[in-house]
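Enquirer: I would like the atomic coordinates for the input below:
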Amino acid sequence: MSLADSFRAARWIRTANLVLQAILFTTLFSGLNYLAIHYAWRHDLTQHRRHSLSPETRSYLKNLRADVEVIVTLTDDPENEGVAQAYRDVRGLLREYVYATAGNEPVPGAGTGSGRVTVRYLDVFRQRRDAELAKVEQPNAIVVVCGERRRNLGLEELYRFENREKRAFRGEQALTAAILDVNQPEPTRIYFLLGHGEMRADDTDAVRGLSALRDELRARNFELLGIDLAQARRVPDDAALLIIAAPQGPYDPFEVELLRSWMTRSPPGRLLVMLAPGYRHGLEPLLADWGLVADDVVVHDEGPAGQNETGDLILRSLSKESPITAVLLANEIPVRFGAARAARPDPRRDRNTGIDVKPLVATTESAWGERSFRSQQSARFDAGIDLAGPVVIAASAERVAPPKDNVLPFSVRGGRIVLFGGADFVANGRLANAGNIGLFLNAVNWAADRDTQLNIPPRPVERYQLSLSQDDLRRLRYSLLLGVPAAIALLGLIVAWTRRR
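Expert: Residues are numbered from 1 along each chain as shown. As a prediction, the model looks like this:
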C-alpha cells in the first residue's frame with residue numbers, strides 16, 4: 001500500500017486541512033476587523049433616521065475648537081417612564097455625537113482641545129462625590145461643559161409637547177445649539193440697563209431683587225453686565241440682548257433714540273422690556289416702531305380663576321403660536337404675575353411694515369385694565385373708559401421683512417422685542433414658580449436667537465403598544481412554556497431518527 005493511501009497520510013492531510021482552515025478563518029476575521037476600523041461604512045435604515053445626525057450638525061461638529069463633555073443625570077428608571085424614554089432617546093443620540101467627532105484632529109490655535117465630544121452618565125444620588133466635583137446637582141438634566149463654560153438642558157427642551165404629550169423629539173437641535181454655545185470663545189452677553197431705578201441682578205431682595213434670575217442665566221452660559229446709556233452714550237457692540245427691568249423713571253429722548261437706532265442696525269438688536277404699572281417710562285416711540293403699546297393701566301381680575309388668595313394674577317391663556325409660550329401651554333403650566341399693566345399689540349399699528357406682532361399672555365375675560373388707578377376710589381370696571389378683558393400683558397414683535405421704502409432686502413434676521421407688562425414675576429420671591437422661570441428663559445432664548453439658527457427638523461416620537469386580552473396572554477404563556485420546548489424536542493427526535501437510518 002502506497003504512502004498516499006495509508007491511514008497515517010490521511011491523518012496528516014486532515015490535520016493540515018484543519019490548520020489551513022483555522023489560518024484562513026483567522027486571516028479573514030482579522031482582515032474584516034481591519035477594514036471595519038479603518039474603512040467603516042454606516043447606513044441608517046430606520047424610518048426617521050433615528051441613528052443619524054443631520055448634515056448641519058455634522059458640519060458644525062467637524063469645526064469644534066475645543067473638547068466638549070456632556071454630563072447626563074438621566075436614569076433608566078422603570079418607575080418614571082418619561083425620564084426612562086428621555087434617557088433612551090438621549091443615549092442613542094449622544095452615541096452619534098461621540099462617533100461623529102472621534103476622528104477630529106487638533107486644530108492649530110485651539111489650545112489643547114481636539115474638538116471631540118465625550119459623554120459621562122452620573123447618578124447624582126449614588127455618585128455624590130463625582131457629582132459635586134462636576135458641579136452637577138440636578139437630576140434628570142443634561143449639562144454641556146466646555147472649559148469653564150456650561151449650559152444646562154432640561155427635559156422640556158428636548159421635546160415638543162401638545163396637550164401634555166410628547167409629539168416630537170428635538171434633542172439634536174437642543175444639543176447642537178448647546179454645544180455651539182459653550183464652544184464659543186466668549187459667552188453670550190446680556191446687558192441690564194441702569195440709571196432709572198431698574199431692578200438689579202445683584203439685588204437679593206425678595207420683591208425687587210433679581211439675584212435668583214442672575215444665577216439661572218449664568219447657569220446657561222450668559223454673561224450679565226450693567227450699563228447706563230446716559231453715561232456710556234452708546235450700546236456695546238458685543239451686546240446680544242438688552243434687558244429693561246421695571247424702570248421707575250422715564251428714559252431721556254437721547255437714550256430712546258439710541259435704542260431705536262440699535263434695534264435697526266445690522267445685525268439688528270434684541271430687546272426684552274419689563275414695564276411695571278404706575279411708572280412713566282418714555283419708551284413710547286420705541287414701542288410704536290414695533291407695533292406695541294404699554295397702556296397706563298393696572299390690571300384687575302376678580303374672577304374665581306383670575307387671582308389667587310394673595311392677589312397675584314394667575315395667567316393660563318398662553319399663545320400656541322409662539323415658541324416662548326407653546327411649551328407652557330402644552331404642559332398647562334400657568335404664570336403667576338404680581339402687579340401688571342397691559343402690554344399688547346398696538347391696534348393702530350401699520351400692518352404693512354413687515355413686523356410680526358404676537359400676543360403671548362392674556363388674562364381671563366373677567367379682568368380689566370383700570371385707568372383711574374391713581375385715584376383713591378375702589379377699582380371697578382367703567383365701560384368706555386377702562387380696558388376690557390381679556391387683557392394682553394405680554395407680547396412679542398419681530399421684523400420678518402424690510403419696510404416698503406427699503407429697496408434692499410435683509411440678509412439677516414430682523415430685530416426682536418419681547419414686552420412684559422410687569423417685572424414682579426421674575427423677582428426672587430416669585431421666580432420659583434415653574435411658569436415664571438420658563439416664560440422668561442424662553443423669552444431670552446427667543447430674543448437672543450439661540451436656537452432658531454439651526455434648521456434641524458424634530459423627529460416624531462414613536463410609540464409601540466401591544467394590546468393583549470387575558471386569553472391571548474394565557475395562550476402566549478402556554479406557547480412559550482410548552483410549545484417551544486415541544487418543538488425543539490420533536491426536531492431532536494427527527495434528527496436522531498434520520499441519523500439511525
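
Enquirer: what is the burial count for residue 92?
Expert: Close neighbours of residue 92, defined as other Cβ atoms under 10 Å, add up to 12. Just so you know, the C-beta spots here come from the backbone N, C-alpha and C atoms, and that holds for glycine as well.

Enquirer: center of the protein - which residue?
Expert: The chain has residue 157 as the residue nearest its centroid, 3.3 Å off, counting by Cα atoms, centre = their mean.

Enquirer: please give me every residue in contact with that one.
Expert: 170, 174 (Cβ atoms under 8 Å, 6 or more residues apart in numbering).

Enquirer: domain assignment for the chain?
Expert: Segmentation of the chain into domains, based on automatic domain parsing, reads 3-38, 55-182, 188-447.

Enquirer: please identify the most buried of those domains.
Expert: Burial of these is given as mean neighbour count (mean count of other Cβ atoms under 10 Å); domain 188-447 ranks first at a mean of 18.

Enquirer: this structure: helices as residue ranges?
Expert: 7-38, 55-62, 81-101, 128-133, 171-182, 211-219, 229-232, 253-263, 284-289, 326-330, 434-447, 470-478, 484-500 (DSSP state H).

Enquirer: quick check: angle from the fifth one to helix 55-62?
Expert: In other words, helix 171-182. 30 degrees (axes from the mean of the first three to the mean of the last three Cα atoms, to 10 degrees).

Enquirer: to residue 479, which of the domains of the chain lies closest?
Expert: Nearest to residue 479, of all these, is domain 55-182, at 26.0 Å by Cβ to Cβ.

Enquirer: and the closest residue to residue 342 other than its chain neighbours, what is it in contact with?
Expert: Distances taken as Cβ to Cβ, 6 or more residues apart in numbering place residue 295 nearest to residue 342, at 3.9 Å, with adjacent residues excluded. Residues near residue 295 by Cβ under 8 Å, 6+ apart: 341-344, 369, 371, 387.

Enquirer: residue ranges with poor pLDDT in the stretch 251-400 of the chain?
Expert: Across the stretch 251-400 of the chain, residues meeting the criterion (pLDDT under 70) sit at 309, 376.

Enquirer: hmm, try it at 90
Expert: Low-confidence segments of the stretch 251-400 of the chain, defined by pLDDT under 90: 264-268, 301-314, 316, 320-334, 338-339, 348-354, 365-366, 371-386, 389, 399-400.

Enquirer: mind checking how far residue 470 is from residue 100?
Expert: Distance, residue 470 to residue 100, by Cβ to Cβ, to the nearest Å: 48 Å.

Enquirer: using JSON lines, lay out the helices of the chain together with distance to residue 188.
Expert: Output for those, formatted as JSON lines (distance: least, Cβ to Cβ, whole Å):
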{"stretch": "helix 7-38", "distance to residue 188": "40"}
{"stretch": "helix 55-62", "distance to residue 188": "17"}
{"stretch": "helix 81-101", "distance to residue 188": "22"}
{"stretch": "helix 128-133", "distance to residue 188": "26"}
{"stretch": "helix 171-182", "distance to residue 188": "7"}
{"stretch": "helix 211-219", "distance to residue 188": "9"}
{"stretch": "helix 229-232", "distance to residue 188": "19"}
{"stretch": "helix 253-263", "distance to residue 188": "17"}
{"stretch": "helix 284-289", "distance to residue 188": "23"}
{"stretch": "helix 326-330", "distance to residue 188": "21"}
{"stretch": "helix 434-447", "distance to residue 188": "9"}
{"stretch": "helix 470-478", "distance to residue 188": "55"}
{"stretch": "helix 484-500", "distance to residue 188": "60"}
